[in-house]
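Asker: This is a predicted model, with the sequence first.
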Amino acid sequence: MTKQDLVAAIAAAAGVTKKTAGEALEALLGAVTQSLKKGKNVTITGFGTFRVSHRAARTGVNPRNPGQKIKIPAMNIPAFKAGKSLKDAVR
């Protein structure tokens, strides 16, 4: 499902225009992004939790030259943990 498919599904389910549904989706994604940037978790009950996970610095191997070691810096990455309702629906 693409973003446009999701907008169309939201518009059909809510009985609003695609433009309004697209703006609502953008607002949701923006709010989740801003919260994660601040290091806060976003929990949508019954759906799941978006959180920021820290990945430690490590040494890797250059794929073009396997003999060369490279340093991969530490970074924060977004993660998602599905809620019970979502897990049960997919099973």
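Answerer: Sure thing, it's come through.

Asker: Send me stretch 73-88 as PDB with only the CA atoms.
Answerer: The C-alpha coordinates for stretch 73-88 follow below in PDB (Å, rounded to 0.1, in the frame of the first residue of the first chain):
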ATOM      1  CA  PRO A  73      29.300   6.200  14.000                       C
ATOM      2  CA  ALA A  74      26.700   5.900  16.700                       C
ATOM      3  CA  MET A  75      23.200   7.100  15.700                       C
ATOM      4  CA  ASN A  76      19.600   7.200  16.800                       C
ATOM      5  CA  ILE A  77      17.200   5.300  14.600                       C
ATOM      6  CA  PRO A  78      13.300   5.100  14.700                       C
ATOM      7  CA  ALA A  79      11.800   1.800  15.700                       C
ATOM      8  CA  PHE A  80       8.200   0.500  15.800                       C
ATOM      9  CA  LYS A  81       6.800  -2.100  18.100                       C
ATOM     10  CA  ALA A  82       3.400  -3.500  17.100                       C
ATOM     11  CA  GLY A  83       0.600  -3.500  19.700                       C
ATOM     12  CA  LYS A  84      -1.500  -6.500  20.700                       C
ATOM     13  CA  SER A  85      -4.500  -5.600  18.600                       C
ATOM     14  CA  LEU A  86      -2.400  -5.200  15.500                       C
ATOM     15  CA  LYS A  87      -0.500  -8.400  16.100                       C
ATOM     16  CA  ASP A  88      -3.800 -10.300  16.600                       C
END
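
Asker: List the buried residues for it?
Answerer: Gly83 (16 or more other Cβ atoms under 10 Å). The way it works is simple: take the backbone N, C-alpha and C, and place the C-beta from them, glycine included.

Asker: how deep is the closest residue to Ala11 other than its chain neighbours tucked in, by neighbour count?
Answerer: Closest residue to Ala11 apart from its sequence neighbours, by Cβ to Cβ, 6 or more residues apart in numbering: Ala21 at 3.9 Å. For Ala21, the count of nearby residues is 20 (other Cβ atoms under 10 Å).
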